[in-house]
Every structure is written in structure tokens, then in C-alpha cells.
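# this one's structure only:
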């Protein structure tokens, strides 16, 4: 021991080269990790660059009219994105319409009512729901949900709300409605797990003060806790929205893949992600491929903006109360 | 004076609270319905042949998905080799080296990458790998899934390294170890169970991805040799068989769905158990 520590203090330490090498390794480790971090930023940059460059033929040919034209006819070289943008927005909106009430109510139960142990177990199960691959949801959608909607839900909707243009026309099963329903099941776990976190971050004194003033449990939750958690819950809804917009497989399998804009939710439609999934591998010709890539760029832009907003909203609430 | 709560308020209270419980039960009911239905249909269609033989040409019954099972693992291997080292090292940088501003930017960009729809990642992998190589390949599918693995790899690495107590770092540095030696011989081993379960969750997540494989790995009815041929994967097989107009193929799709879901859920549950029992959890 002694022999190795004493020379270490002298400048003529015989192992100085070894010490330098260790130092060099130390620096190297730093640069390797830094390089990895930077290369991830580069990859994200590359994604944007590739999408932009590859969609240039379409941008040059059609310009902005690509986004507003509703004619999608690859055979005659006409490409318009409106039916897909419409389908993506309608199905995502429908999904949120169904998922938000269920998600928020369930997160209230998990955060406010259920004993912590039960709440943890149930949250664990709900997060498993988020791990189910989307193609499995598609499978369930095609073979279970479509027959159910066809024989139970659709007749009721046309019978009761048939006077609305939303529920008119023939119903074949594949439709905006089916896609919206499947999507709602897929995004509910995200709303629940984030909203629950946000609700749990609301300080306990707020609840105690309200209860001490004589409000009921529900009044406390609705009038005190929810307003406190509002921004974070909206963040979770945005997160779910981004998810629903970009979801591909389950939607492709139940939306009907028809590039048409229909007022009726019972009509088949198409979405941005679905058209890319269906037509990309077989697309021939530069303009066709670049139109699909441009659609990808639109989807990318939409989800990035919504995700960025969601992150900021969730961060502000959980930071403030933490 | 005793304050009383009006019957109406009491009614609203119990009504809304039970409604919240009903919503929770419904959501969890959906999970069990999916599990149950897949179990019922999948297990019925599953047989030994499914794991050992190739898909039959259309019109013939029987056959299996041996090539797709192997294919899925091959693509996942490529993805892991691409996404995990990069994500791990960047996670080490975030947890151990980086300053505040750059870390914030990096974390934000990584969160955004996590939110990019998988189909868009597929397009990028197509442009980067398939177009220059001029054909679909296992490699291209691996690149797509590899990019998708990066965000979770970074976040789990950072999180679990941060959970390692500083006393360990200080002890190691005080003994004369360099910073790199401290990180890779002390901190990383201390976090290893968390890191492994993070990797498992990451794999389970991309194992079910279908969209980015549709036009990168494409599919194959036969064995694919090497890494540069189109390759069959389980999720893509499920998709192709589910939309095919053939009852026998639907049965196969159910069987494949059962196998895929069982794998994904088993890995998820195991990984979450490791995290919950691990040293990191007890300190929180």
C-alpha cells in the first residue's frame, strides 16, 4: 500500500502516463455521452429535414391548394389532403368527446375516493391498457366492436337522432363513428393516468378547508380541487388529442378508407395516418410519394404543436403545486 | 346551531361519486374484456404448428407464423442496437454531466420525439434506409423502431441514475476514482435493475408497433435471410390477416394477437414489479 501512495505525490511518478490516460478516458466518456445527446437532437432535426425535402415536389406542384383540395385521385395525378385532414380531426374530436368525461370521472375516483392501495392497483391495470398494441385494438375493433355497433348502437342512433345530418345514411360498420369509438378506448388511459397525477398534486389543505366549511365531498372535488387542477387536466386532454391524431393501425382497420368528406358520422372516411399506412408501400411516382410524405409532415406539425402545448400545461401545474 | 346538508346536495354528492366509480369500473372492464376475448379466441386458434411452420399460400388452411416470430425478434434486435446505446449514453449525460439550460432543451426535444406519430417515423426510416438501398429490409424496420426507442431509453436512464444516492458518488470520488469511473463502475451498477426494467418496458412498447414497419420491413411469406431482405413481423402479420377476407386467416390473426399481447403484458408486468420492488422505489 505504502509503496503505491508515496510516489503518487511526486511529479516523477513512474505511472504518470497511466494517470494521463485515465484522465483522457475520463474526458472521452464525457464527450461520448455529450455526442449521444447531440446526435439525438440531430436525429430530430433530420426527421424534420427529410420530411420537408421529400415533400417539396408536392409543395411546388400544388402549393397551399394541396391542403384545401378534396380530390384524391392518384390515377390522374390529382392530390388533395382535405378528406384526410377532415377524417383525422373528426375521429380525434369524437374520441375526446367520449374519452374525456370517462377519463376525468375515473381519475377523480382514483385520486379522491379510492383508498391509496386500491387506487394504485387500478392505476396499474389502466396503465396496462395503454400498453396494448394498437393493432390489437384494431383486431378487437374489426371483429367485436363493428358487429356490436352495427346491431345495437347504429340503429338506436339513427332511430333517435336520425333527423340530424350527423346520423343519416346507410351504415356498413366501418365509419368515422367506429374509428372514434376505438380511439376513445385507446386514449382514455392517458387521460386517467396524467389527470390522476395532477389531482394528487393539489394540496390536501385545500380539500380540508373546503370540507371544514361544510361542503360535501363532491362539492369539494368539483368546486375546489378540479379548478386547481384544471390546467393540468387540459394538458392531459391535449396529450390524448396528439395521440388520437397520430394513431394509425386501429383507425385504418375500422374507418373504411374512403377519401370522402361526409357530414354523417356513420359514413366511411379516411385519416392522414391511415392513407399513409395504406398507400405508401404501393405508391408509384414521385408526386404520389411526396404527397403522402407531405401528409406526414402535416401530421407531424399538428402533433408537435399539440404535444408542446400539453407538456407546458402539465409542467406548470405539477411544478406550481410541488 | 347544527348545520344540515340539504337532501338534494346529499343526493348529488352520492350520485356523482358513484358515477365516478362506475366510470372506473367501465374502463377497467374494457381491459378485461379485451384480455378475455383474446384469450378465448386466440387460445382456441393457437396450436403447435403456429410456432413451427411458415404461412400457407392463400386458399390452403393451416400454417403458422414461425418466420414472423423470428422476424419480430430480428427487427427488435436491430432496434435495440440502434436506440438503446444512444439513449443510454444521452441519459447518462443528462443525469450526470449536463447543465440546466441544455438539459431542459434536450428533455423537451426528447419528449417531442416521443410524441411523433409512429407512422411519421416510418416515413423517415423509408427515406433514410429503404430509398438509398432500393429495397425493404429488416434493417430499415430496425432503424424505425430504434428511433422510437430513444426517448424512453433516455428518460428511464436519467430517472434511475438520478435515484442513486449522491453518497455513492461522493464515496467513489473520495477514493480517487475519476468521474467516468464513478459513473460506469458505481452509479450505473447501482441502478442496474431499474435500467433493465426500463429496457424491458421499452422493448414491449415497440414490439407491438405496426405502422412504422408497413413500408420499411414490409413482410415476407418465407424465411428472410440476412438483414437486407423484406421480413415478416408479428404485428404486420396480424394486420394483413385481419383485413384479409378469409375466415382461416382471421383465426391466425387471433392466435398471433394472443401471442403478441401475452408477450407484451408479461414483459410489462414483470418490469413494473422489478421497479416497484427495487431499491429506487423504496426511497421515494
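Good, I have the coordinates. Remember, predicted model here, so these are calculated numbers, not experimental data.
# for the rest of this, base every contact and every neighbour count on C-alpha atoms.
Fine.
# residue ranges with poor pLDDT in chain A?
Low-confidence segments of chain A, defined by pLDDT under 70: A:1-14, A:319-322.
# center of it - which residue?
residue A:243 (1.5 Å; Cα atoms, centre = their mean).
# any idea which element that one lies in?
helix A:226-246 (DSSP states H and E).
# for residue A:296, see how far away residue B:136 is.
Distance from residue B:136 to residue A:296, counting by Cα to Cα, to the nearest Å: 19 Å.
# likewise for residue B:37?
Separation of residue B:37 from residue A:296 (Cα to Cα): 34 Å.
# okay, the two: which has more neighbours?
Using other Cα atoms under 10 Å in any protein chain shown as the criterion, residue B:37 and residue A:296 rank with residue A:296 on top: 27 against 16.
# what's the neighbour count on the closest residue to that one other than its chain neighbours?
Leaving aside its sequence neighbours, residue A:296 sits nearest to residue B:120 (Cα to Cα, 6 or more residues apart in numbering or on different chains; 5.6 Å). The number of residues packed near residue B:120 is 26, by other Cα under 10 Å.
# do the same with residue A:286
Residue A:286 is flanked by 12 other residues according to other Cα under 10 Å.
# what's the answer for residue B:81, then?
Around residue B:81 there are 13 residues (other Cα under 10 Å).
# show me what contacts it?
residue B:146 (Cα atoms under 8 Å, 6 or more residues apart in numbering or on different chains).
# so it, which of the three states?
With DSSP: H, G, I helix; E, B strand; the rest coil as the basis, residue B:81 sits in helix.
# what's the pLDDT at it?
Note for residue B:81: predicted pLDDT of 97.
# that one and residue B:183: what is the separation?
21 Å.
# now swap in residue A:314 and tell me
According to Cα to Cα, residue A:314 stands 31 Å off from residue B:183.
# looking at the two, which one has more neighbours?
With neighbours defined as other Cα under 10 Å, residue A:314 and residue B:183 compare such that residue A:314 has more, 24 against 21.
# what helix or strand is the more buried one on?
helix A:286-321.
# which of the residues in that helix are buried?
A:287-300, A:303-304, A:306-311, A:313-314, A:317-318 (16 or more other Cα atoms under 10 Å in any protein chain shown).
# do stretch B:37-57 as well
Under the neighbour-count rule (16+ other Cα under 10 Å), stretch B:37-57 has B:37, B:38, B:39, B:41, B:42, B:43, B:45, B:46, B:50, B:51, B:54, B:55 buried.
# start and end of it, how far apart?
28 Å.
# quick one: residues contacting the residue nearest to residue B:53 when sequence neighbours are not counted.
Closest residue to residue B:53 apart from its sequence neighbours, by Cα to Cα, 6+ apart: residue B:64 at 4.8 Å. By Cα under 8 Å, 6+ apart, the contact list for residue B:64 reads B:49, B:50, B:51, B:52, B:53, B:54, B:55, B:56, B:252.
# still on that earlier bit, excluding chain neighbours, what is closest to the residue nearest to the centre of chain A?
residue A:187 (6.9 Å).
# now do the SS call for the one you found.
Residue A:187 ends up helix, using three-state DSSP.
# now residue B:219
coil.
# per-residue pLDDT, the nearest residue to it once chain neighbours are set aside?
The spatially closest residue to residue B:219, leaving aside those adjacent along the chain, is residue B:232, at 4.0 Å (Cα to Cα, 6+ apart). pLDDT recorded at residue B:232 is 93.
# isn't there a strand covering residue B:232?
No. Read with three-state DSSP, residue B:232 is coil and lies in no strand.
# that one: what's it in contact with?
Per Cα under 8 Å, 6+ apart, neighbours of residue B:232: B:67, B:68, B:71, B:72, B:217, B:218, B:219, B:220, B:221, B:222, B:224.
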